[in-house]
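Please work out how this folds:
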Amino acid sequence: MHRNTLRMAAVSTLTAVTLGAGAGLAQASPAAPVRPAATQATLSASEARVLLGNSAFTAELTAKDAKTLRAVADGKATRAQSSFILGGAARGVIALMRKHGGKLWSGAVSAAKKGWGKFHAYMNGLAWYHPVRVAYVAAGGEVQYQIFKYLHGLM
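Numbering: from 1, shown residues only. Model (predicted):
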């Protein structure tokens with residue numbers, strides 16, 4: 001199992017136990033996209049190092065984003081920088097997706113229109129060595145969700 005899958009299961013279980021009787025009321029609310037459970041709203045140093053190792057991804061970063069990503073990877077970034085780079089990482093993965101264009105871009109947008117599960121399955125269905133998949137997986141849950149929201153908003 002993936003780390004994010006385990007996190008989602010733990011958060012779902014905790015939520016169900018915490019809400020108890022109120023769970024029935026929550027089911028009556030209108031359906032909204034399910035956000036993956038992210039335990040942190042920052043990019044970790046290990047995620048930043050993996051992203052920096054992907055030369056196709058780093059080529060798509062702006063100079064400011066690359067500098068901030070290096071600071072995060074070295075452990076010298078502030079919490080604000082670690083939070084800021086989430087958007088830069090999302091922009092970098094989206095730029096990489098556009099660069100590979102065509103079938104990949106249209107497939108990702110189509111999957112995002114169908115919901116988070118379909119989008120995540122589509123991205124994880126790419127070849128394990130594909131630079132877009134490597135960057136997508138390395139970026140972590142929060143960046144993945146930002147990419148989904150962007151593509152979902154293109155409808």
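
Can you list the low-confidence ranges for this protein?
Across the chain, the ranges flagged by pLDDT under 70 are 1-40, 155.

pull the longest helix from it.
Scanning the chain for the helix with the most residues, using DSSP state H, yields helix 79-100.

And it, how far out from the chain middle?
9 Å (Cα atoms, centre = their mean, to the nearest Å).

Thought A135 was touching M123, still the case?
No. The pair M123 / A135 is not scored as a contact, 10.1 Å apart, by Cβ atoms under 8 Å. Yep, even glycine has a C-beta here, placed from its N, CA and C like the rest.

still on that earlier bit, counting by contacts, list what the next helix or strand after the longest helix of the chain packs against.
Next in sequence after helix 79-100, counting helices and strands by DSSP states H and E, comes helix 102-114. Packed against helix 102-114 by the contact rule (3 or more Cβ pairs under 8 Å, 6 or more residues apart in numbering; DSSP states H and E) you find helix 79-100, helix 116-124, helix 141-152.

what angle do helix 102-114 and helix 116-124 make?
160 degrees (axes from the mean of the first three to the mean of the last three Cα atoms, to 10 degrees).

which residues are in contact with helix 102-114?
97-98, 118-119, 121-123, 126, 132, 148, 151-152, 154-155 (Cβ atoms under 8 Å, 6 or more residues apart in numbering).

quick one on the thing from earlier: let's have the helices and strands packed on helix 102-114 in a markdown table, adding distance to T68.
Shown next, in a markdown table, are the helices and strands packed on helix 102-114 (distance: least, Cβ to Cβ, whole Å):
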| stretch | distance to T68 |
| --- | --- |
| helix 79-100 | 5 |
| helix 116-124 | 24 |
| helix 141-152 | 14 |
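
quick one: which of those is nearest K67?
helix 79-100 (9.5 Å; Cβ to Cβ).

Buried residues of the closest one, list them for me.
81-82, 84-86, 88-94, 96-97 (16 or more other Cβ atoms under 10 Å).

T62: which of these is nearest?
Of the buried residues of helix 79-100, the one sitting nearest to T62 (Cβ to Cβ) turns out to be G88, at 7.1 Å.

and the closest residue to that closest one other than its chain neighbours, how many residues sit next to it?
Spatial nearest neighbour of G88, excluding adjacent residues (Cβ to Cβ, 6 or more residues apart in numbering): D65 at 3.4 Å. Residues near D65, counting by other Cβ atoms under 10 Å, number 18.
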